[in-house]
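Chemist: A predicted structure for the sequence below; I have some questions about it.
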Amino acid sequence: MADINFHPFKNRGAFGGLFNVESRGLMQGDAQDDPAIRLQLCSGRLDSKITEPVWGGVGVMECIAPAKDSVNGAVIKQATKDACNAFTVFNQAFHGITTPDNPVPLYLAGGFVHYYRVGSGARIPLPVSAEVVALADGNNTVAASGFVWDLTKNMVDVYSGSPGANPKVDIKLLMVSVDGNLTVKKEDGGNVVWEIGKPCGLFLI
């Protein structure tokens, strides 16, 4: 079962970058405001077999819940090489757990997480590879290339045209931001922290 590092008596000051006065940049998993799309926001229960905490801006697999549990919404599982049909978000998910070691809101197995389905029309910032950044050259059209969700690096990468270990996702790249972004990083010790300066793409899913 997923767990979170927790030191109950640890104190620390504010994390760097939280009080940035710059207005440029994107925040991973923070879906853009859109009154026409906000009612597409879904809530589902994380599968009890998930072994890692989940945060906003991660590709997942939405599954039909057993009939006896359908009142709780869909079952959310980790994406596989065959399927990634939704992306988690932080929007209205105030139940995320934070600790002095983990400033990123985290959601655990058996609990609930918010997400948008692929095809909902939501615009979500997601971390991207250098190959995706290279598409922002002023010549490529929106949805210029197919994309995959990298299951190991938790980022969007360019589809190579052949089946691989990562699922293809039908999403459109709207813009790329290389500076001032907040993305999520899982450290070797297990802490989940904000990372500043990693490129982000704004995707229409």
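Modeler: All right, it came through fine.
Chemist: going forward, measure contacts between C-alpha atoms and count neighbours the same way
Modeler: OK.
Chemist: For the most centrally placed residue in the chain, give me its contacts.
Modeler: Note on the chain: the residue nearest the mean C-alpha position is residue 57, at 1.1 Å, using C-alpha atoms, centre = their mean. By C-alpha atoms under 8 Å, 6 or more residues apart in numbering, the residues touching residue 57 are 28-30, 87-90, 124-126.
Chemist: give me every residue that touches the spatially closest residue to it that is not a sequence neighbour.
Modeler: Once flanking residues are discounted, residue 57 sits nearest to residue 29: 3.6 Å by C-alpha to C-alpha, 6 or more residues apart in numbering. Residues in contact with residue 29 (C-alpha under 8 Å, 6+ apart) are 55-58, 88-91, 124-126.
Chemist: between those residues, which is closest to residue 75?
Modeler: Comparing the contacts of residue 29 against residue 75 with C-alpha to C-alpha places residue 88 closest, at 12.8 Å.
Chemist: shouldn't that closest one be in contact with residue 61?
Modeler: No - using C-alpha atoms under 8 Å, residue 88 is not in contact with residue 61, being 9.9 Å away.
Chemist: Show me the beta-bridge partners of residue 63.
Modeler: Using DSSP bridges, the bridge partners assigned to residue 63 are residue 75.
Chemist: Distance check, residue 84 against residue 181.
Modeler: Noted for residue 84: a distance of 24 Å to residue 181, by C-alpha to C-alpha, to the nearest Å.
Chemist: ok, now residue 141?
Modeler: For residue 141 relative to residue 181 (C-alpha to C-alpha), the value is 23 Å.
Chemist: Please say which of these two ends up with more neighbours.
Modeler: residue 181 (23 against 13; other C-alpha atoms under 10 Å).
Chemist: Now do the same contact list for residue 192.
Modeler: Neighbours of residue 192 in contact, by C-alpha under 8 Å, 6+ apart: 101-104, 184-186.
Chemist: same thing but at 10 Å, please
Modeler: Contact analysis of residue 192 by C-alpha atoms under 10 Å, 6 or more residues apart in numbering lists 4-5, 53-55, 98-99, 101-106, 184-186.
Chemist: which of these count as buried?
Modeler: Buried subset of the contacts of residue 192 (neighbour count, 16 or more other C-alpha atoms under 10 Å): 4, 53-55, 98-99, 101-106, 184-185.
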